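Enquirer: Please work out how this folds:
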Amino acid sequence: MLVTTKALVLSTVKYGDSSLIARCFTEHYGLQSYLLRGVLSSRKGKLKKAHFLPLTQLEITAAHRGKGSLEYIREARIYSPYATVHTDVIKNTMVLFLAEVLSQSVQEEEKNAPMYRYIEEGLQWLDSTTGNPNFHLLFLLGLTRFLGFYPDTTAAHLPYFDLLEGGFSSHTGYGPSVYGETLDCFRKLVDADFDELDQIKMSKQQRREQLDTIVTYFELHLTGFRKPKSLEVLYEVFGR
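Expert: Residues are numbered from 1 along each chain as shown. Modelled structure (predicted):
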């Protein structure tokens, strides 16, 4: 079956000497893996290596056999080209980190259009603005809405946030908890949207604490989730 759909590139791995396997989150078919034959050696083919940089937004035409095997992309075009994401050091570091998180988090082999739109629109917002050093924090918290563990804000006035239970509490629980200044920053992020990010001020240390908190939150709620390898690069860039 020949299909056309939007697709976000999550990751690629080399296959043989000249091919790639690309994992993509598609708008209409969820998570799919595609074999890109000869894409590393062919200069005249319809598929270009540059189309498959992390979180590139593509429109693809692909052959789907639906038998759990690798599918094939016939044509691909970038439908929302980035102006700054791949050239701005901070934005590019964020995107590489988010691509790694998404590769571990998005596992659905079925349509999830609301999550697709959230990722798509978030990246377009990042590309069109001057960039905010807290973007990746808010993006990941927003992503938990679609993964099923968005923080319960019913009792947001309480002095602790239990990362294992996913809610605010009057006392520490069995799992790790957030409190004090770290919780104050966490509350601001939970209540914000992208256009309000400039109003949230954090020191480098506070930003690192928030990132550690959110990564731990993902580890506790997603089976098999591991601390991203690109985390150290993110620390280095924001530690300047």
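Enquirer: Over to residue 148: give its phi and psi.
Expert: The phi/psi pair for residue 148 (degrees, to the nearest 10) reads phi 100, psi 10.
Enquirer: ok, the nearest residue to it once chain neighbours are set aside - contacts?
Expert: Once flanking residues are discounted, residue 148 sits nearest to residue 221: 7.8 Å by C-beta to C-beta, 6 or more residues apart in numbering. (Each C-beta comes from the backbone N, C-alpha and C, glycine too.) Neighbouring residues of residue 221 by C-beta atoms under 8 Å, 6 or more residues apart in numbering: 144, 147-149, 166.
Enquirer: and what of residue 11?
Expert: Here residue 11 is in contact with 22-23, 54, 99-100, 103 (criterion: C-beta under 8 Å, 6+ apart).
Enquirer: I figured residue 78 hits residue 57, correct?
Expert: Yes. The pair residue 78 / residue 57 is scored as a contact, 6.6 Å apart, by C-beta atoms under 8 Å.
Enquirer: So between the two, which is more surrounded?
Expert: residue 57 (19 against 14; other C-beta atoms under 10 Å).
Enquirer: and the gap between the more buried one and residue 224?
Expert: 27 Å (C-beta to C-beta, to the nearest Å).
Enquirer: Buried ones in the strand or helix carrying residue 146, by neighbour count?
Expert: Residue 146 is located in helix 135-147, with elements delineated by DSSP states H and E. For helix 135-147, a neighbour-count test (16 or more other C-beta atoms under 10 Å) marks 135-144, 146-147 as buried.
Enquirer: and the helix or strand just after that helix, what other elements does it pack with?
Expert: Next in sequence after helix 135-147, counting helices and strands by DSSP H and E, comes strand 160-162. The contact analysis (3 or more C-beta pairs under 8 Å, 6 or more residues apart in numbering; DSSP states H and E) places strand 160-162 against strand 167-169, strand 177-179, helix 180-191.
Enquirer: for the chain, what's the longest strand?
Expert: For the chain, the longest strand by residue count, based on DSSP state E, is strand 2-15.
Enquirer: what about dumping the CA coordinates of it to PDB?
Expert: The C-alpha trace of strand 2-15 is given here as PDB (Å, rounded to 0.1, in the frame of the first residue of the first chain):
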ATOM      1  CA  LEU A   2       1.400   3.400  -1.000                       C
ATOM      2  CA  VAL A   3       0.700   6.100   1.600                       C
ATOM      3  CA  THR A   4       1.500   9.800   2.100                       C
ATOM      4  CA  THR A   5       1.900  11.200   5.500                       C
ATOM      5  CA  LYS A   6       3.900  13.800   7.500                       C
ATOM      6  CA  ALA A   7       6.800  12.300   9.500                       C
ATOM      7  CA  LEU A   8       9.200  13.500  12.200                       C
ATOM      8  CA  VAL A   9      12.700  11.900  12.000                       C
ATOM      9  CA  LEU A  10      13.500  10.500  15.500                       C
ATOM     10  CA  SER A  11      16.800   8.600  14.700                       C
ATOM     11  CA  THR A  12      18.900   6.900  12.100                       C
ATOM     12  CA  VAL A  13      21.400   4.100  12.200                       C
ATOM     13  CA  LYS A  14      23.700   3.000   9.400                       C
ATOM     14  CA  TYR A  15      22.800  -0.200   7.500                       C
END
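Enquirer: Sheet-wise, list the partners of that strand with their directions.
Expert: strand 19-26 (antiparallel), strand 57-63 (antiparallel) (DSSP bridges).
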